[in-house]
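In: Build me a structure from this.
(2 chains, ligands or ions: 1)
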Amino acid sequence: MAYVAQKENFPGKVFEVTFGTDTKAVFGGQNALPFYAFEGSIPNRPLIAYEIQDITPDDWPEAVSSVYKDVSHDPVAWARFSQDELKAKAIALRLIGTHPDREDRTPAEAAKAVRDVLAVIKVPLIILGSNSIEKDGPVLIAAAEAASGRNCIIGKAQEANYKTIAAAAMANNHKLIAMSELDVNLAKQLNILISQMGLDKERIITDPMCSALGYGIEYTYSVSERIRLAALAQSDPAMQQPMLGDAGMHAWKVKESSAPESDIPAWGPEKERGIAWEAVTAGAVLLAGADILIMRHPEAVSSVEKFIDELMQDGGR
Amino acid sequence: MALSGIEIFKLLPKTNCKKCGHPTCLAFAMKLAQRQASIDLCPDVSEDSKRVLGDAAAPPVRPTVFGAGDNAVKMGEETVLFRHEKKFVNPCALAVEVKDTMQDDEISRILDDVLASGIDRVGQRLKIDAIFAGNASNDPASFEGLVKAVVAKAPDLPLVLSTSNPAAAEAALKIAADKKPILYGADDSNAEAMAKLAKTYKVILGVAAKGPEALSVLTEKIKGFGVEDMVIDHGGRTAAEILEGNVLLRRSAIKKNFKPLGYPVITFAQRDDSMLETLIASLGIAKYSSIVVLSSAERWKNIALFALRQNLYTDPQVPMQVEQKIYSVGEPAPESPLIITTNFSLTFFIVSGEIENSRVASRLAIMDCEGMSVLTAWAAGKFTAPKIAQFILESGIADQMKNKELIIPGYVAIISGALEEKLPGWKITIGPREANALPAFLKNWNK
Ligand code: SF4
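Out: Residues are numbered from 1 along each chain as shown, chains lettered A, B, ... in the order given. Presented below is the predicted three-dimensional model:
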């Protein structure tokens, strides 16, 4: 019996999303499984956005907070640093200060942060709420208005608050992140509900919900694989959205990325461990189908960029 | 791919002699297809048919055990391409490379790292599984020296002996054959000599060729020399090549039951940049490698790879739930706090992790809500005041507590009044909405 290469061609493809105005960024558009360039076309490489916040983070471990110690008090300085020094291709501003459990900043304050950041960057912007179901509505309405005309991505719209946030995206011509909790059917249903409101399905980015390495990443991995298979094999228009991996936030929250080596010598130095935790979390969700990542540590980002370089090197054959 | 009943029937004598205990050959064929009978029951089936049936019934990726004793590593036996279909079976082994061109102290340091790599994580002992000993010098005496040093220092670790020089291979096998190593390095140029060694010393043969097609020809040739156990290398070294080769190999094995490629796959992840190496190894773990070879065993790298391997090789059919009970985080005293949440396993991991971060010993009441998160469970009527009250009362936890106080997730603040009514004598405290606010909350609690 002679060898016959088992290559697969899929009828469906992932929608391509472009955002930004000055320097644009584009992702998605492929008709193959992640990095399977040997049997399909992968026109764009996955995009990594650097995360910044509207208030000084109080829960980032030293290994990553120290990188931003001179700029993290000011979102404008932080945005400039990310774009100019770190060469960020996109920036994700998380308005965490608006959360009722944090500083409970007002939508007007959030809008100002967005305007200020947009004034100093050319790269495209992702605007994220604080993941407060009630507060994200008013905050993102104000933020979306403040960013009107800049073709941003805003989010995250969830089942309980998607109407206001999707309306804000539509009214100001932004793209929208739709997040559901690790469930293929809920992800699909949310995309349907949002497109029924009139938001073009090709303007949605699906967030299947990221999890950290060691803390449920296998769920994110398999849900992402199933979403991507449905997009490619069944051309299901409620599943063809590109996927977001909000990797940095999850990776830097767990014990393994923060516990000092002096506490647990067997785990090795916390700096490399934290960076590896973020890089492997990001790498795993990329292999499962993420098209855009939000990350924190520049060394984790550069390692993942090198990984993508190697994965894409024969791209488009 | 398993054969259908009809396909099996065609291979039987079709005499309906009933000696197999079935009324007809077809009935017997149907039982065989469902794996409820063994072909040995039919005395008249031809040897040829038996071989075809045996091949078809064997797992698509050949089960192979590498190493001896408690540290032996099982490989192969995989049945799917995606883990949501069925559990990935044998976790990818991690091997660290030492070479006979290295200085003794470097070899010694790497072996120390490997021997000290074990950590316990979520009930499993995780470690670097094997040593990959390389004959970079191509000199038999140097290789023999290296293998001696490795065996002296790490006698129980499974070994890969890597050389394409049959003389060096034989020198190493004389020392280490009883450890059931992999002899890696058979290629088109030395296949016969290497196969002979593998057969003589009863070891697994690592076979390398450029691309799946050449590899399939080579494994057939080696099988012809009488070697059954192989580990295969399609020659891909960049991430793109590793992915393509591994996918094509696994698909051939799973979808076509193509035996010449139905062997465990070895992947080389070594990079000068250890962080990038970690990512290349992650690719191997996620995408079908049975062994990944690394250049070092730094502890930070080990734990990241162990966690990924452990996560991806869990059983996806098991629901995302943890058992309903009251867990201790740290060593709670009578005056320690009692916190309740649902049994969604991610909620459990994250909440218990944050309590650990707070270093405030606590009791964590995990309530069975069919694996739903707090808000979903509340909306579905599973995480309600009467149900929470019933769980808390039945648990009898009050007996161990100084003050009857229950901390509920901020997301269900709305039920605190109803809960106070259902739990007379209890104080209901509204905790934070998000787990990451727990450390701050717990540090200030009861202050
Ligand atoms: S023993 Fe063999 S030949 Fe006889 S009925 Fe059974 S299958 Fe057919």
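In: Any idea how far apart the tips of stretch A:98-105 sit?
Out: Separation of the first and last residues of stretch A:98-105 by Cα to Cα, to the nearest Å is 4 Å.
In: buried ones in that stretch?
Out: Neighbour-count burial for stretch A:98-105, counted by 16 or more other Cβ atoms under 10 Å in any protein chain shown, picks out A:Thr98, A:His99, A:Asp101, A:Arg102, A:Arg105. From N, CA and C alone the C-beta is placed, and that goes for glycine too.
In: Equivalent analysis for stretch B:244-264, please.
Out: Judged by neighbour count (16+ other Cβ under 10 Å), stretch B:244-264 contains these buried residues: B:244-254, B:256-264.
In: Mind checking the pLDDT average for that stretch?
Out: Averaged across stretch B:244-264, the pLDDT comes to 95.
In: quick check, nearest of the buried residues of stretch A:98-105 to B:Gly284?
Out: Nearest to B:Gly284 among these, counting by Cβ to Cβ, is A:His99 at 39.4 Å.
In: Show the contacting residues for A:Ala171.
Out: By Cβ atoms under 8 Å, 6 or more residues apart in numbering or on different chains, the contact set of A:Ala171 is A:Ala144, A:Glu145.
In: now do B:Leu94
Out: B:Ile128, B:Asp129, B:Ala130, B:Ala281, B:Ile291, B:Val292, B:Leu294, B:Asn302, B:Leu305, B:Arg309.
In: Quickly note the distance from the last one to B:Ala440.
Out: When distances are taken as Cβ to Cβ, to the nearest Å, B:Arg309 and B:Ala440 turn out to be 34 Å apart.
In: what does the fifth one give?
Out: Between B:Ile291 and B:Ala440 the distance is 45 Å, computed by Cβ to Cβ.
In: what's the answer for the first one, then?
Out: Taking Cβ to Cβ as the measure, B:Ile128 falls 38 Å from B:Ala440.
In: which one of these two has more residues nearby?
Out: Under the neighbour definition other Cβ atoms under 10 Å in any protein chain shown, B:Ile128 and B:Ala440 were set side by side, and B:Ile128 has more, 24 against 15.
In: quick one: which helix or strand includes that one?
Out: Here B:Ile128 is covered by no helix or strand, with elements defined by DSSP states H and E.
In: and it, what is it in contact with?
Out: So B:Ile128 contacts B:Leu94, B:Ala95, B:Val96, B:Asp113, B:Val114, B:Ser117, B:Leu294, B:Ala297, B:Asn302 (Cβ under 8 Å, 6+ apart).
In: Now, those residues that are in helices?
Out: Taking DSSP state H, the ones among the contacts of B:Ile128 that sit in helices are B:Asp113, B:Val114, B:Asn302.
In: tally of neighbours for A:Thr164?
Out: A:Thr164 has 15 nearby residues by other Cβ under 10 Å.
In: So A:Ile91 is in contact with A:Phe81, correct?
Out: No. Using Cβ atoms under 8 Å, A:Ile91 makes no contact with A:Phe81, being 10.2 Å away.
In: and these two? which has more neighbours close in?
Out: Using other Cβ under 10 Å, the more surrounded residue of A:Ile91 and A:Phe81 is A:Ile91, with 26 against 19.
In: need the contact list for the more buried one.
Out: Shown in contact with A:Ile91 (Cβ under 8 Å, 6+ apart): A:49-52, A:79, A:82-83, A:117, A:121, A:123-126.
In: if we go to 7 Å?
Out: Neighbouring residues of A:Ile91 by Cβ atoms under 7 Å, 6 or more residues apart in numbering or on different chains: A:Ala49, A:Tyr50, A:Ile52, A:Ala79, A:Ser82, A:Gln83, A:Ile121, A:Val123, A:Leu125.
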